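>>> give me the fold of what follows.
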Amino acid sequence: MAAEAPEPTTTVTNNALSARELEWANNSPALLAEHASINNGIIRTRFPPEPNGYLHIGHAKSMNMNFNLAFEKLGVPMENRRTIFRYDDTNPDAESPEYIDSLRRDLEWLGWQPERTTYSSDNFQTLYELAVKLIENGLAYVCDMTKAEMEAQRDLAKRRSSARAVGKDPDEEAPIPSEDVLPGRNRNTSVERNLKLFEEMKLGLHDEGAMTLRLKMDFESANPNMYDLVAYRIRYTPHPHAGKGWCIYPNYDFTHGICDSLERIDYSICTLEFETRREPYYWILWALDMYRPKVYEMSRLNLEYTVLSKRRLLKLVNANWVRGWDDPLMPTISGLRRRGYTKEIINSFCNDVGATRAMNVVEMVKLFQVARLKLAESTRRAMAVLEPIKIVITNFGEESAKAGEGGLTYEVQNSPTDPSYGSHSVTLTETIYIDSEDFRLEDDPSYFRLSPNQPVGLKYHGGNLVCDDIVRDGGNVKVLKCHLDTTEGRPKPKSHISWVPCDGIPCEVRVYNHLFTVAEPSDRWEEELNSEREIVYANAIIDPSVLELVDKKDVDKWKSNQALQFERLGYFVVDTDTTFDSSTKSGKLVFNRTVSLKEDKAVKKISDAEAKEKLRRAEQQRKDAEARDVLMTIDPKDLFKLAPEYQGKYSQFDDTGMPTHMADGTEVTKSAKKKLEKDRVKHAKKFAKAAK
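Predicted structure coming up:
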């Protein structure tokens with residue numbers, strides 16, 4: 001006979017990491033004494049990512065919480081803080097040695113030092129023995145129901161729970177057609193039968209999907225996660241860490257609470273989507289009479305203009321929308337590092353974001369601003385041009401002679417605020433290069449840089465650059481013939497521009513914009529990818545003073561590479577695609593833009609094509625707003641009949657307005673109905689809000 005679980009009554013703790021508690025979560029005096037004796041004043045957390053992808057900035061927030069902020073909130077002295085780094089590796093189909101290695105390297109790079117590194121898979125034998133114990137106690141059974149049968153069973157249990165919640169009779173609202181459906185044909189089978197079948201599963205005597213081990217929980221619970229969750233599945237896949245010794249694998253819900261208890265965790269911290277999982281978490285530990293850690297759920301990090309779902313990130317990689325998991329456009333730790341974000345930037349950003357239970361979307365500009373502040377303190381300067389225009393200085397000999405012994409070489413501070421960074425020299429040559437953004441063919445009162453009738457100052461030289469002649473190649477400007485004006489009484493220039501000497505280093509510069517065109521990507525996120533997310537300047541040039549800093553021998557994908565501030569352009573970092581050899585000046589030099597400098601929008605050049613695109617977007621935004629206004633007039637029960645995006649898709653509906661058949665007469669699938677119901681729930685919330 002199964003032991004009777006206590007009612008899941010809720011209490012609230014006064015702890016800094018307080019959350020909803022259950023009676024199942026209460027430890028006995030004996031368990032508390034044992035735990036206190038083993039930990040001996042130590043407070044322990046854990047960081048348990050699954051190695052099924054690369055860590056992203058959401059994981060950085062979790063690391064910051066588990067290695068630092070949780071202890072700060074609790075007031076734990078430094079000497080009593082411990083955090084375990086655990087690979088939650090229970091799904092061999094999705095995990096790989098590449099992911100396992102990347103997780104470790106990213107954690108180390110961010111500077112976190114775990115007490116020890118563990119693997120859930122190291123506990124496979126213990127987990128198996130505990131599963132046998134549950135079977136012996138009548139709290140687990142082997143089930144041969146198919147996936148479809150389980151879905152029908154869960155759906156029936158949900159409908160019965162919903163009826164009870166509103167005071168209706170579940171036997172009238174959702175009658176049980178047969179005990180084979182609910183509680184299921186296998187639930188009340190003998191201990192002997194279940195031990196035998198579970199052993200056969202372990203020995204590989206049954207096909208994948210033929211049987212599972214389920215926990216005998218509570219089909220009358222209001223929480224669907226208590227509907228006899230699956231603890232073990234058959235998988236004939238070798239494990240990337242444990243090897244080929246197992247063909248049954250425990251699922252996440254069964255594993256992580258047990259591992260927390262075995263590792264003597266005090267605070268099990270996760271994100272809010274796991275809040276409804278605390279019932280099975282504590283039920284399992286109650287059923288096994290194991291120590292129950294405190295569980296705290298915090299809001300996950302939601303960042304504008306990107307996605308943090310591993311499923312979507314994997315699709316970006318597999319569909320070649322990006323170069324890989326470490327593409328600078330990706331929100332992964334590897335991608336951010338490659339783009340030039342240092343561990344100081346990421347950890348400082350996570351500190352600023354903090355950890356609460358309030359759901360919010362963090363503005364991308366906050367990350368950009370942290371990057372600017374940190375890079376301004378630590379990055380040396382250099383001049384560069386992205387789209388070079390060749391300048392020939394016609395009076396160079398005369399000006400060089402006037403300059404005297406020092407010539408036209410200038411000493412430039414590597415940092416405008418920190419003399420300890422030293423200096424470098426730049427030499428003005430007869431031929432120099434300026435950026436195409438710094439020259440216009442037509443004079444414009446609002447444009448302050450070089451044009452045919454407007455001189456401009458040259459940085460570090462002190463004189464004016466005056467355009468005398470324009471050499472064209474078809475419609476393009478090929479060369480500007482200019483002279484230097486150092487006479488007294490010369491016009492004061494409205495601005496000074498950067499330049500690169502004739503011996504500048506050719507390079508490729510990749511400028512990154514937002515990954516998506518909208519701040520919060522929708523279910524149609526692939527359509528919202530930004531076509532201008534990466535702009536490549538293949539013919540850029542940087543001044544030669546950086547020669548010794550950008551050699552390929554110093555480039556490593558697992559560390560922060562050389563960062564530079566390109567004057568007036570932004571902060572850039574040497575990319576891992578670099579093959580440049582500074583001794584021979586051969587090979588390819590590649591830079592990624594980390595973040596721009598604060599833009600002066602008044603001087604930003606906008607092409608005709610950009611202006612048209614801006615108008616097109618404004619018109620599209622107007623149409624989208626009108627469509628939203630129309631949508632807010634549609635009652636949720638008529639959503640799929642009247643909303644423009646659904647018109648013509650469906651031919652039949654049930655009494656609630658839910659589509660039952662497609663336009664061609666085929667039935668709407670269960671999975672499609674689930675998605676439609678979610679869409680209707682979202683619309684109902686917006687509709688109710690608009691009606692207020």
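
>>> just the CA atoms of stretch 168-178, as PDB, please.
Below are the C-alpha coordinates for stretch 168-178, written out as PDB (Å, rounded to 0.1, in the frame of the first residue of the first chain):
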ATOM      1  CA  LYS A 168     -18.500  21.300 -10.300                       C
ATOM      2  CA  ASP A 169     -18.700  17.500 -10.200                       C
ATOM      3  CA  PRO A 170     -15.700  16.100 -12.100                       C
ATOM      4  CA  ASP A 171     -17.700  12.900 -12.800                       C
ATOM      5  CA  GLU A 172     -20.200  14.900 -14.700                       C
ATOM      6  CA  GLU A 173     -17.800  17.300 -16.400                       C
ATOM      7  CA  ALA A 174     -15.100  14.800 -17.200                       C
ATOM      8  CA  PRO A 175     -16.200  11.300 -16.500                       C
ATOM      9  CA  ILE A 176     -13.600   8.500 -16.400                       C
ATOM     10  CA  PRO A 177     -14.300   6.100 -19.300                       C
ATOM     11  CA  SER A 178     -12.300   3.300 -17.700                       C
END
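
>>> what comes into contact with that stretch?
Stretch 168-178 has contacts (Cβ atoms under 8 Å, 6 or more residues apart in numbering) with 156, 159-164, 182. Every residue, glycine included, has its C-beta placed from N, CA and C.

>>> next, the buried residues of that stretch.
By neighbour count on 16 or more other Cβ atoms under 10 Å, the buried set for stretch 168-178 is 170, 174, 176.

>>> repeat that for stretch 636-650.
636, 639-640, 643, 650.

>>> swap in stretch 519-537?
For stretch 519-537, by 16+ other Cβ under 10 Å, it's 521, 525, 528-529, 533-534, 537.

>>> endpoint to endpoint, that stretch covers what distance?
26 Å (Cα to Cα, to the nearest Å).

>>> cool, stretch 380-388 as well?
Terminal-residue distance, stretch 380-388 (Cα to Cα): 22 Å.

>>> let me see the mean pLDDT of that stretch.
Across stretch 380-388, pLDDT averages out at 97.

>>> quick one: residues in contact with it.
With Cβ under 8 Å, 6+ apart, stretch 380-388 has contacts from 412-416, 421, 424, 426, 433-437, 459, 498-500, 507, 509, 511, 537, 539-543, 545-546, 564-567, 569, 572.

>>> how many neighbours does Ala222 have?
For Ala222, the tally of surrounding residues (other Cβ atoms under 10 Å) stands at 14.

>>> whoops, Val500 was the one
Counted with other Cβ under 10 Å, Val500 comes out at 24.

>>> quick one: residues contacting it.
Val500 neighbours (Cβ under 8 Å, 6+ apart): 383-385, 388, 432-434, 541-543.

>>> thinking again about what came up before, narrow the contacts of stretch 380-388 to those in strands?
Here DSSP state E is the test, and those give 412-413, 424, 426, 433-435, 500, 507, 509, 511, 537, 539-542, 564-566, 572 as lying in strands.

>>> rewinding a little: mind giving me the PyMOL select for the contacts of stretch 380-388, buried ones only?
Selecting the buried subset of those in PyMOL, with 16+ other Cβ under 10 Å as the burial test, is done by:
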select buried, resi 412+414+415+424+426+433+434+435+437+459+498+499+500+507+509+511+537+540+541+542+543+545+546+564+565+566+567+569+572
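
>>> can you give me the distance of Asp253 to Lys598?
Asp253 sits 48 Å away from Lys598, going by Cβ to Cβ, to the nearest Å.

>>> low-confidence ranges, the stretch 551-692 of the chain, go.
Scanning the stretch 551-692 of the chain for pLDDT under 70 picks out the ranges 599-615, 618, 691-692.

>>> let's go with 80 and repeat that
598-631, 687-692 (pLDDT under 80).

>>> any of the contacts of stretch 168-178 buried? List them.
Buried, going by 16+ other Cβ under 10 Å: 156, 160-161, 163, 182, out of the contacts of stretch 168-178.
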